[in-house]
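# following is a predicted model, sequence given first.
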Amino acid sequence: MSGIDACIKVAQLTAAAGEMAPFPFIKGAAECVVLVLESIKGVSKNKKDMQELAESIVAILVDIRDTIIEHGPTSATRFQTICVEYQTRITDLLSELNSKRRSPQGIWKYLRATKVSDDINDLQQRVRAIQKSFLVRTATMTQLAVSDVQDQVAAGFSTLTGSVEASERQITSTIKENIDEIRTLGARQSENMENLSTRLLQASHQRGLYKGLLPILEIESQRLLAFDFRLQTWHSPLRYATCSQQVMGPAPY
């Protein structure tokens, strides 16, 4: 694809984008550029000056398109006037080319005229000046936004530091105001812990003594029961006889 063919393709894509993008006024200019570039292609015969002219014409479209895409629909109004003027000049150029269609040599001479190149270059410079103003504006807005964020962060840290310092002062003041009560509660707590330790120690000793005596008491109780049983067994005939004598009297001889 030659350089002019590439320029024609770019102009066609820009015209198609004009139907959807937020800058429809560029569509008419792009369509006129396509026709002009096709006329230039027919008479250029790969001449370098014609290719440079075609590139300059398309560069205006590309600059406008890219700037509006980057900065949004609000920037389109800045280009509306220049697009109308650009379309007017391209339309006039197309009319001149059509009038000389029968003489390719005449078209070539006309395109090489200084006035055509000057008009295109003038428009290109104006478009790039608008681009530059948008770049400066964007850079300024970015710096302001960054500065605003930094101020908000600094204010947030200042507020946080103030809150922490106020909390520390309040805690210190509360401790100073209640120091006597805090000391009394601490001493009372220590005393309660000592009493609790003493009671636990005593209970532990008593539990150990009880556990030591329990086997001995159990053994002694068993011995006493056994002794009582033997005693009852040993005295039972005598007790029976004694009771019989008391009831029946002495036995006869």
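Now that the structure is in, tell me what you want to look at. Residues are numbered from 1 along each chain as shown.
# so what's the residue count around Trp173?
For the record, residue 173 is Ser, not Trp. For Ser173, the number of neighbouring residues by other C-beta atoms under 10 Å comes to 10. Every residue, glycine included, has its C-beta placed from N, CA and C.
# quick one: average pLDDT of the helix or strand encompassing it?
Assigned by DSSP states H and E, Ser173 belongs to helix 114-177. The average pLDDT for helix 114-177 rounds to 68.
# check stretch 86-101 too.
The pLDDT scores in stretch 86-101 average 80.
# identify all contacting residues around that stretch.
The list of residues contacting stretch 86-101 from outside it, by C-beta atoms under 8 Å, 6 or more residues apart in numbering, reads 28-29, 32-33, 35-36, 39, 57, 60, 106-107, 110-111, 116, 119-120, 123.
# in contact with the closest residue to Glu31 other than its chain neighbours, which residues?
Using C-beta to C-beta, 6 or more residues apart in numbering and skipping the chain neighbours, the partner closest in space to Glu31 is Ala15 (4.9 Å). For Ala15, the contacting residues are 27, 30-31, 34, by C-beta under 8 Å, 6+ apart.
# export those to a markdown table and tack on neighbour count and secondary structure?
A markdown table is the format used below for the contacts of Ala15 (neighbours: other C-beta atoms under 10 Å; DSSP: H, G, I helix; E, B strand; the rest coil):
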| residue | neighbour count | secondary structure |
| --- | --- | --- |
| Lys27 | 19 | helix |
| Ala30 | 25 | helix |
| Glu31 | 17 | helix |
| Val34 | 20 | helix |
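# which parts of this structure are strands?
In the chain, no strands are found when defined by DSSP state E.
# how is it divided into domains?
Following automatic domain parsing, one finds the domains of the chain at 3-152, 214-246.
# how much space is there between Gln105 and Asp119?
22 Å (C-beta to C-beta, to the nearest Å).
# more neighbours: these two, which one.
Comparing Gln105 with Asp119 by other C-beta under 10 Å, the one with more neighbours is Asp119, at 17 against 9.
# quick check: closest non-adjacent residue to that one.
Computed as C-beta to C-beta, 6+ apart, the closest residue to Asp119 that is not its neighbour in sequence is Arg89, at 5.6 Å.
# so what's the residue count around the one you found?
17.
# low-confidence ranges, the stretch 151-253 of the chain, go.
Filtered on pLDDT under 70, the stretch 151-253 of the chain yields the residue ranges 151-157, 182, 185-186, 189-190, 192-193, 196-197, 200-201, 203-253.
# what about Ile40, distance to Ile175?
Distance from Ile40 to Ile175, by C-beta to C-beta: 90 Å.
# likewise Val34?
From Val34 to Ile175 the distance is 84 Å (C-beta to C-beta).
# next: Leu61.
Here Leu61 is placed at a distance of 76 Å from Ile175 (C-beta to C-beta).
# who's more crowded, those two?
More crowded of Leu61 and Ile175, by other C-beta under 10 Å: Leu61, with 25 against 10.
# so what's that one up against?
By C-beta under 8 Å, 6+ apart, the neighbours of Leu61 are 10-11, 14, 26, 29-30, 33.
# how about those residues in a markdown table, adding pLDDT?
Listed next are those as a markdown table, based on pLDDT from 0 to 100:
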| residue | pLDDT |
| --- | --- |
| Val10 | 88 |
| Ala11 | 86 |
| Thr14 | 82 |
| Ile26 | 75 |
| Ala29 | 78 |
| Ala30 | 83 |
| Val33 | 85 |
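# just the closest of the residues you listed to Asp180, please.
Nearest to Asp180, judged by C-beta to C-beta, of those is Ile26 at 84.5 Å.
# now for that closest one, how many residues are close by?
When neighbours are defined as other C-beta under 10 Å, Ile26 has 25 of them.
# also Gln12?
15.
# distance of the closest residue to it other than its chain neighbours from Glu70?
Nearest-residue entry for Gln12: Val34, 5.7 Å, with adjacent residues in sequence omitted and distances by C-beta to C-beta, 6+ apart. Distance of Val34 to Glu70, given as C-beta to C-beta: 24 Å.
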